[in-house]
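> my questions concern the predicted model and sequence given below.
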Amino acid sequence: MQKNNKTIVNDIKTVLEFYQALGFERLPINIGRKNRGAKVQKFTASERKDSSTYKLPRYQTSEQKKAALKELREEIGDCQRCKLSKGRTNIVFGEGSEDAEIMFIGEGPGKEEDIQGRPFVGDAGQLLTKLIEKMGFKRNNVYIGNIVKCRPPFNRDPEEDEINACIVFIKKQIEIISPKVIISLGRVSAQTLIGSKIPISKLRGRFYEYCNIPLMPTFHPAYLLRNPKDKWLVWEDAQKVLEKLKKI
Ligand code: SF4
């Protein structure tokens with residue numbers, strides 16, 4: 001039976017009220033192809049792009065991407081843009097393939113990462129490496145980064161002003177690498193990239209979009225070290241990503 005216009009309008013209203021009740025500031029789903037993309041918060045003027053027109057064609061070759069990443073690292077320099085600069089040993093820029101199909105984004109470096117200047121190299125990092133390998137990739141086939149590049153003291157969550165100061169860099173890395181899929185690791189990464197306050201336990205397991213790139217939120221490996229029983233949920237999310245990659 002075909003729905004009349006009034007019923008369709010009521011259905012749309014119900015869906016919008018549902019997402020409003022969940023705490024979304026923006027609708028996290030597609031309405032048609034043209035408006036794809038969950039916008040992220042706090043774009044700078046140069047970064048603010050309408051996702052309907054936002055394309056990522058600027059870095060087409062590996063060489064261009066490598067050069068752009070190098071230039072970005074130079075731009076970050078000995079960054080003092082937020083208070084995390086005070087306690088860090090090293091800026092953890094991110095690492096992996098500039099041609100990565102998958103980009104993993106965590107929240108910030110921990111103790112070991114701060115010492116080595118590399119992302120996800122502690123216990124949680126070893127778990128992430130296992131997941132990457134179980135998905136059929138090598139660690140250097142993917143790209144790994146964080147929302148903030150300096151270690152928050154005592155491994156606390158990054159604060160809003162720190163995220164706002166640093167987010168431009170990971171956004172730029174996403175733009176340069178232009179992965180086929182983003183996997184956000186943990187609450188801070190998912191909420192920042194999706195622009196939501198919904199708990200990670202409710203966000204995980206289904207796709208959102210970041211500038212036309214499918215984004216799968218899942219648990220942070222550090223959480224899995226404390227809650228190993230939830231590893232299967234992350235594996236479930238990873239399998240959805242693998243299925244998605246086959247279709248892109
Ligand atoms: S966290 Fe980001 S913005 Fe803050 S000092 Fe480090 S690199 Fe700069």
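Nice, thanks for sending it over.

> what residues does this protein put near the ligand?
Contact residues, the chain versus the ligand (C-beta under 6 Å from any ligand atom): 76, 79-82, 84-85, 91, 148-150, 162, 165-166. All C-beta atoms are positioned from the backbone trio N, CA, C, and that covers glycine.

> filter the residues you listed down to the buried ones.
76, 79, 81, 82, 84, 91, 148, 149, 150, 162, 165, 166 (16 or more other C-beta atoms under 10 Å).

> could you report the neighbour count for the residue lying closest to residue 234 once chain neighbours are set aside?
Distances taken as C-beta to C-beta, 6 or more residues apart in numbering place residue 218 nearest to residue 234, at 5.0 Å, with adjacent residues excluded. By the criterion of other C-beta atoms under 10 Å, residue 218 has 28 neighbours.

> list the contacts of residue 218.
Each residue near residue 218 by C-beta atoms under 8 Å, 6 or more residues apart in numbering is listed here: 183, 184, 185, 204, 205, 233, 234, 237, 238.

> pretty sure the third one is touching residue 103, no?
When you say that, I think you mean residue 185. No. At 10.7 Å, residue 185 and residue 103 do not qualify as touching, with contact defined as C-beta atoms under 8 Å.

> tell me what residue 182 is bridged to.
residue 103, residue 215 (DSSP bridges).

> and the pLDDT for it?
pLDDT, the model's per-residue confidence, is 98 for residue 182.

> now the strands for this structure?
Using DSSP state E, the strands of the chain run over 95-96, 102-106, 143-146, 181-185, 208-210, 213-218.

> with distance to residue 127 added, can I get the ones you listed in a markdown table?
Listed next are those as a markdown table, based on distance: least, C-beta to C-beta, whole Å:
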| stretch | distance to residue 127 |
| --- | --- |
| strand 95-96 | 17 |
| strand 102-106 | 12 |
| strand 143-146 | 13 |
| strand 181-185 | 10 |
| strand 208-210 | 23 |
| strand 213-218 | 12 |
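
> relative to residue 61, which of the ones you listed is closest?
Proximity to residue 61 (C-beta to C-beta) singles out strand 143-146 among the strands of the chain, at 16.2 Å.

> residues in contact with the closest one?
92-98, 100, 102-109, 119-120, 128, 170, 173, 177, 179, 189.

> quick one: strands adjacent to it?
strand 95-96 (antiparallel), strand 102-106 (parallel).

> most tightly surrounded among these?
Per-stretch averages of neighbours, counted by mean count of other C-beta atoms under 10 Å, single out strand 102-106 among the strands paired with strand 143-146, with a mean of 27.

> hey, C-alpha coordinates of that one in CSV?
Taking C-alpha atoms only, strand 102-106 is exported to CSV below (Å, rounded to 0.1, in the frame of the first residue of the first chain):
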residue,chain,number,x,y,z
ILE,A,102,41.5,2.1,6.2
MET,A,103,42.4,4.8,8.7
PHE,A,104,42.2,4.0,12.4
ILE,A,105,41.8,7.1,14.6
GLY,A,106,42.1,6.9,18.4
